[in-house]
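# I need the structure of the sequence given here:
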Amino acid sequence: MLPVKKISRTKTRSRRAHHALKPVNYSLCKKCGSAKLPHSACGQCGYLNPNITLKLAEEAES
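Alright, predicted model coming up:
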């Protein structure tokens, strides 16, 4: 079965206009200066806010 009418390139591309990847917004850790996601703990030092610092386990090298 064939489509009733061909869909133009403009219609297809305007429908897919919101499919583009958006850049990830990183912030800097106030304690160590590494990049981290906002409102989350730092992966390097575990710092979250002045009252909370998470203890990170050391990775065992094999």
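# Can you check the pLDDT for Cys32?
We have a pLDDT of 90 for Cys32.
# Could you check how far it is from Thr53?
The spacing between Cys32 and Thr53, counted by C-beta to C-beta, to the nearest Å, is 11 Å. Every residue, glycine included, has its C-beta placed from N, CA and C.
# again with Val4
For Val4, the distance to Thr53 (C-beta to C-beta) stands at 62 Å.
# More neighbours: those two, which one.
Set Val4 next to Thr53 and count neighbours by other C-beta atoms under 10 Å: Thr53 wins out with 14 against 5.
# In contact with Arg9, which residues?
Applying C-beta atoms under 8 Å, 6 or more residues apart in numbering, we find Arg9 in contact with no residue.
# Look up phi and psi at it.
For Arg9, the backbone dihedrals are phi -60, psi -40 (criterion: degrees, to the nearest 10).
# Can you find the helix or strand of this structure with the lowest average pLDDT?
strand 52-53 (a mean of 76; mean pLDDT, DSSP states H and E).
# Run through who's touching stretch 28-45.
Under C-beta under 8 Å, 6+ apart, the answer for stretch 28-45 is Val24, Asn25, Tyr26, Ser27, Tyr47, Leu48, Ile52, Thr53, Leu54, Leu56.
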